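> with the input below, show me the fold.
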Amino acid sequence: MKLNDISFPHPVLGIADAIKSDISLTPEPIISSTEINYKISVSCFHNNNDINNLFQDSKVDYVCEAMCSNTLFREMYRSKSNIIEFEISKKRVKGKVEFTCLMVANQNIEGYSNSESHSDYNDYIFDIEKGEVLAFFGEFHFDADIKYEKLKAVSSLMVIVEAEDKDLDFTNIVLNKPKIEIQLPSIDYILYNMPMLSKEVNFAPIFHSSIVLYTLNIALYNLNENLDYPWAKAISYRLEHEEQFKNLSILEKDHIPKIAQRLLGNPINRLMNGLKGIIESPDENDN
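Got it, this is the predicted structure:
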């Protein structure tokens with residue numbers, strides 16, 4: 001629902017300059033998940049006295065409408081406070097899930113006017129019917145393909161596999177899959193799968209600063225061409241919502257190495273500290 005494109009017969013707070021009061025979703029909506037549900041918490045803010053009086057008289061409700069066009073899911077969640085909290089089963093949504101946050105009349109309201117409304121509405125009063133919108137707080141969305149609880153885990157973005165081509169001599173990076181595939185030649189994959197390599201915790205910083213960092217840089221340079229894939233959606237979500245990327249743009253090529261290192265939590269620094277730890281660890285043969 002794109003409310004900014006809709007004309008209302010009465011002033012609606014949050015639509016153009018119909019009512020001169022502050023309104024927003026503050027702080028930003030919180031999205032988390034359990035094994036079976038998405039949990040959404042929305043905080044609606046406004047400072048309009050006339051609408052607040054209607055709320056105090058229990059004539060309006062805070063409402064969040066959820067819609068997923070891929071599954072035809074549509075549901076309206078009401079709240080008697082400015083914080084709207086609800087859950088959506090993961091089985092009911094797929095891909096983009098859109099939300100619209102409103103204040104809606106829960107009964108007929110006669111003779112409504114707003115002292116902060118635009119001068120175009122001067123001397124007009126309105127009869128509001130049950131279900132009509134009086135305030136529009138804004139819209140937001142999330143992508144149900146993203147595993148939000150695993151956003152910072154490298155394993156949610158990429159996987160190391162053996163190349164199907166047995167004649168492959170060099171590592172191949174494949175981006176057009178749900179996870180980025182690092183395809184190793186058979187001889188390298190056999191070595192990687194040795195317990196003393198892939199399962200050794202002390203070697204994780206070495207893998208992150210070499211194979212993983214190299215792969216992530218390639219992926220970031222090609223991010224916009226792969227936004228239909230879950231790995232790209234997860235990265236895009238982090239770039240949009242995390243403070244550490246506020247002054248970095250994926251469109252600026254010289255920013256990409258910085259973005260990659262931040263996504264991986266400063267892998268070069270962890271490599272240096274990891275090597276230092278290996279050097280300083282006591283040798284079992286010394287005992």
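> please enumerate the strands of the stretch 101-250 of the chain.
Ranges of strands in the stretch 101-250 of the chain, per DSSP state E, counting those that start in this stretch, are 109-112, 126-128, 133-143, 158-162, 172-174, 180-184.
> mind listing what the spatially most central residue of the chain touches?
Most central in the chain under C-alpha atoms, centre = their mean is residue 237, positioned 4.4 Å from the mean C-alpha point. Taking C-beta atoms under 8 Å, 6 or more residues apart in numbering, we find residue 237 in contact with 142, 143, 146, 148, 151. All C-beta atoms are positioned from the backbone trio N, CA, C, and that covers glycine.
> who's in contact with the last one?
For residue 151, the contacting residues are 234, 237, 238, taking C-beta under 8 Å, 6+ apart as the criterion.
> helices - which of those residues land there?
Counting by DSSP state H, the part of the contacts of residue 151 found in helices is 234, 237, 238.
> just the helices in the chain please.
Counting by DSSP H, one finds helices in the chain at the ranges 49-56, 186-192, 195-198, 204-207, 213-221, 230-241, 256-263, 267-280.
> save the ones you listed as JSON lines, and put in distance to residue 117 too.
Below are the helices of the chain laid out as JSON lines (distance: least, C-beta to C-beta, whole Å):
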{"stretch": "helix 49-56", "distance to residue 117": "9"}
{"stretch": "helix 186-192", "distance to residue 117": "67"}
{"stretch": "helix 195-198", "distance to residue 117": "65"}
{"stretch": "helix 204-207", "distance to residue 117": "60"}
{"stretch": "helix 213-221", "distance to residue 117": "47"}
{"stretch": "helix 230-241", "distance to residue 117": "34"}
{"stretch": "helix 256-263", "distance to residue 117": "45"}
{"stretch": "helix 267-280", "distance to residue 117": "55"}
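> would CSV of the ones you listed with mean pLDDT be doable?
Formatted as CSV, these follow (pLDDT from 0 to 100):
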stretch, mean pLDDT
helix 49-56, 97
helix 186-192, 91
helix 195-198, 74
helix 204-207, 84
helix 213-221, 96
helix 230-241, 90
helix 256-263, 95
helix 267-280, 84
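> relative to residue 87, which of the ones you listed is closest?
Ranking the helices of the chain by proximity to residue 87 (C-beta to C-beta) places helix 230-241 first, at 19.9 Å.
> just for the stretch 101-250 of the chain, where's the confidence low?
198 (pLDDT under 70).
> can you rerun that using 80?
145-152, 195-202 (pLDDT under 80).
> quick revisit: would you list the strands of the stretch 101-250 of the chain in a markdown table and tack on mean neighbour count and distance to residue 195?
Listed next are the strands of the stretch 101-250 of the chain as a markdown table, based on neighbours: other C-beta atoms under 10 Å; distance: least, C-beta to C-beta, whole Å:
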| stretch | mean neighbour count | distance to residue 195 |
| --- | --- | --- |
| strand 109-112 | 14 | 70 |
| strand 126-128 | 17 | 69 |
| strand 133-143 | 20 | 36 |
| strand 158-162 | 18 | 15 |
| strand 172-174 | 14 | 25 |
| strand 180-184 | 21 | 17 |
